[in-house]
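J.: I'll drop the sequence and a predicted model, then ask my questions.
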Amino acid sequence: MGKLGKKARKFAKKNLQSVLKRKRQLKSMFKKKASKRDEKDEAENLEEDQIGKSSGRDLECENIEDIELDAVFSDESDVVEDDSESDGYLSEGSSCPYPDENGTESDLDEDMDVDNGGAIELLEQNRAICIELTEKKKKLERLQKKDPEFSKFLESYENGLGKLRDDENYSDEDNTSEDGTESPEKGTVNLRKGKLLTSSAFNLLCQLVREHRSISALTSLLNEYRAACHYGSEPSDLHDVALCSGLQDSKTFSKILIFMLQEADNIFREMLGISSSSCKKEAILELKNSSKWKTMKPLIKSYLRSTLFLLNQVTNSEILAFSLVRVRASVIFFATFHPLLRRLIKIAVHLWVTGEGTLALHSFLVIKDVASVFSSDCFNSCLIKTYKAFITHCKFVDPVSSKHIQFLHNSFIELCSLDVQNSSRKAMVCVEQLSKILQTGLKTKKKEAVKRICSRQSTNCINLWVSFISANVKDYDLQPLLYMIIQIINGVAVLFPGPRYLPLRIKCIQWLNNLSSASGVFIPVASFAMDILEYKTGKDNGKPGKDFNFSSTIKLPKHWLKSRKFQDKCVSSVIELLATHFAQWSCHITFPELATIPLICLRKFLETTTIERFQRMVKRFVDQVPTFRSFRVVFC
């Protein structure tokens, strides 16, 4: 073969796919060489960075105020990936949901990648599908002969489908809009038109599914279940029940929901041969290439998507809790539907934060099962979403929501304990962000930076990671995280020394006591506690002022500083905090040196105070301190 001409070589160089492919490979292997001007710019930037570091100027601190605590993590799973498979009604014309009426495959497996040379494989697959179709049609004819009532029921459905297929083709594409709501297509609406599911027909379908495991009957039930889940979310011109859902009355509506939520998981497991007690995703992944899974896959997906849509639409807490319990039983079926799994996590986290009582508990159990069953990436997604939801929900705290916030706090710690090493890395990122905010406040003393440090979000974030460290520091190496959080707490206590920040100072001392008792590391807190006794209080003006919850506040109102309650709280808090601190180290050999200076300060306070109740309280505590020393002598 002779050489190509100049024009032919030019055309091949520009347009051949092999040439373009090689260009892309070479482009990724070799980097573009920087020009001399770029090199000079880089050198100047390096010099500026070095000058900034040498002068003690932290360039990162200038923009710290623009960063929020709930935006520390960039969750890649927040990007919603729409599933390309159908969310419409399943085809009821044949027992196999995959092929259409022409015998061709209309919904291929989402993981299959067909190239240009795969035409032969497709032909072989079509032949196999046609053979399966003929076998299933024979089984359907036998079933019609055995049960004439069911044959009449199928004929009524086939007549309605035949008319609709003559008018327009049935489209089975995804109808998910940008905002997450699902809009029905024209073909989907017309497919449901004229179908009324009576109570007797529903009972017949349930009997066929329970006794004979009929796939065609199960398909019909899943279509009615989808209609029931979408009832009320259809366009305004389709409010008629006969046009929207095909349900005759409310009893049939509730029967469909209850039957599918109760029985669907057991039916799917029995048809796939999976044990009812199996909670491992490998049980589903092993069946991914089997004929059973190819037959059941669209049915399972239709059930899962309809149930998730129901969880997004229903507002009744009892129905939501029951649906979450049943979804939790079917968690392993999400192993092959990753977009649905991300949607489940998002819904469960939302209900966990906004729900109350049993609804929040069942939502957390779903999150916990998803995090434990699936891989570490799924655990990271659950951890990040729950952390963001918790921090966002903590902006506004009142006495009513304090119990729910405590539940969120405890459940998040339980979730972190499933994978402590992974959680500790996330905790280090959050604690580093807190330290940057604190450094900005200590350096600039700006009002905005100081407000962010003593905000409810920051205090709840510190409290969250203190509880996590206290729960796991004995079993895992969390020393770097421990020392960093101790420095942050000390910095917060130093930055807010005034009497109005008494609740924040008490919380700081309590956090340090908890960390000390959990880790066995000595943390000096006596000086912070004794500073509380030096707060100057004015005369009691007798005005009660507005009531507020002391445990949920950070800064006291001004009128509280001149009240009797403030004086009592100062003295009682000092005694409680010192008692906890002394009890931790009462059996240590250095306890006499530890208790000497605080006891001297308390005796001076006894001499200066003229209030009898304070004298009684402090004297009783001072007299009991040698008891701690006697414990040390006896047990050491």
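T.: Right, received. Where do you want to start?

J.: My guess is Y303 contacts L257. True?
T.: No - using C-beta atoms under 8 Å as the test, Y303 is too far from L257 to be in contact (11.8 Å). (Glycine included, C-beta is placed from N, CA and C.)

J.: which of the two has more neighbours?
T.: Neighbour count, other C-beta atoms under 10 Å: between Y303 and L257, Y303 has more, with 26 against 22.

J.: Which residue, other than its chain neighbours, is closest to that one?
T.: A264 (5.1 Å; C-beta to C-beta, 6 or more residues apart in numbering).

J.: same deal with V571?
T.: Spatial nearest neighbour of V571, chain neighbours left out: F614 (5.2 Å); criterion: C-beta to C-beta, 6+ apart.

J.: Ok, W352 next?
T.: W352's closest residue in space is S363 (C-beta to C-beta, 6+ apart), at 3.9 Å.

J.: burial of the residue nearest to Y303, as a residue count?
T.: Neighbours of A264 using other C-beta under 10 Å come to 25.

J.: what residues are up against it?
T.: 303, 326, 330 (C-beta atoms under 8 Å, 6 or more residues apart in numbering).

J.: repeat for L577
T.: 506, 509-510, 513, 525, 529.

J.: same question for stretch 406-421, mean pLDDT?
T.: Stretch 406-421 comes out with an average pLDDT of 93.

J.: Could you export the contacts of A264 as a markdown table, including distance to L218?
T.: Formatted as a markdown table, the contacts of A264 follow (distance: C-beta to C-beta, whole Å):
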| residue | distance to L218 |
| --- | --- |
| Y303 | 9 |
| R326 | 16 |
| S330 | 15 |
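
J.: how near is the residue nearest to Y303 to S330?
T.: From A264 across to S330, the span is 7 Å (C-beta to C-beta, to the nearest Å).

J.: anything in contact with each of those two?
T.: Common contacts of A264 and S330, defined by C-beta under 8 Å, 6+ apart, comprise Y303.

J.: hmm, back to that, and the contacts of L577, which of them are in helices?
T.: Counting by DSSP state H, the contacts of L577 place 506, 509-510, 513, 529 in helices.

J.: ok, the residues you listed vs N312, which is closest?
T.: Nearest to N312 among the ones in helices among the contacts of L577: Q510, at 40.5 Å, using C-beta to C-beta.

J.: tell me which element the nearest residue to the closest one once chain neighbours are set aside is part of?
T.: Spatially, and ignoring its direct neighbours in sequence, Q510 is nearest to L577 (7.2 Å; C-beta to C-beta, 6+ apart). Using DSSP states H and E, L577 falls within helix 564-584.

J.: Just the CA coordinates for that helix, please, in CSV.
T.: Below are the C-alpha coordinates for helix 564-584, written out as CSV (Å, rounded to 0.1, in the frame of the first residue of the first chain):
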residue,chain,number,x,y,z
ARG,A,564,-29.4,36.7,94.9
LYS,A,565,-29.5,33.8,92.4
PHE,A,566,-26.3,34.9,90.8
GLN,A,567,-24.4,34.9,94.1
ASP,A,568,-25.8,31.5,95.1
LYS,A,569,-24.9,30.1,91.7
CYS,A,570,-21.3,31.3,91.9
VAL,A,571,-20.6,29.7,95.3
SER,A,572,-22.4,26.5,94.6
SER,A,573,-20.8,26.1,91.2
VAL,A,574,-17.3,26.6,92.6
ILE,A,575,-17.9,23.9,95.3
GLU,A,576,-19.4,21.4,92.8
LEU,A,577,-16.5,21.9,90.3
LEU,A,578,-13.8,21.6,92.9
ALA,A,579,-15.5,18.6,94.5
THR,A,580,-15.4,16.8,91.1
HIS,A,581,-11.8,17.8,90.5
PHE,A,582,-10.7,16.7,93.9
ALA,A,583,-12.6,13.4,93.7
GLN,A,584,-10.7,12.5,90.5
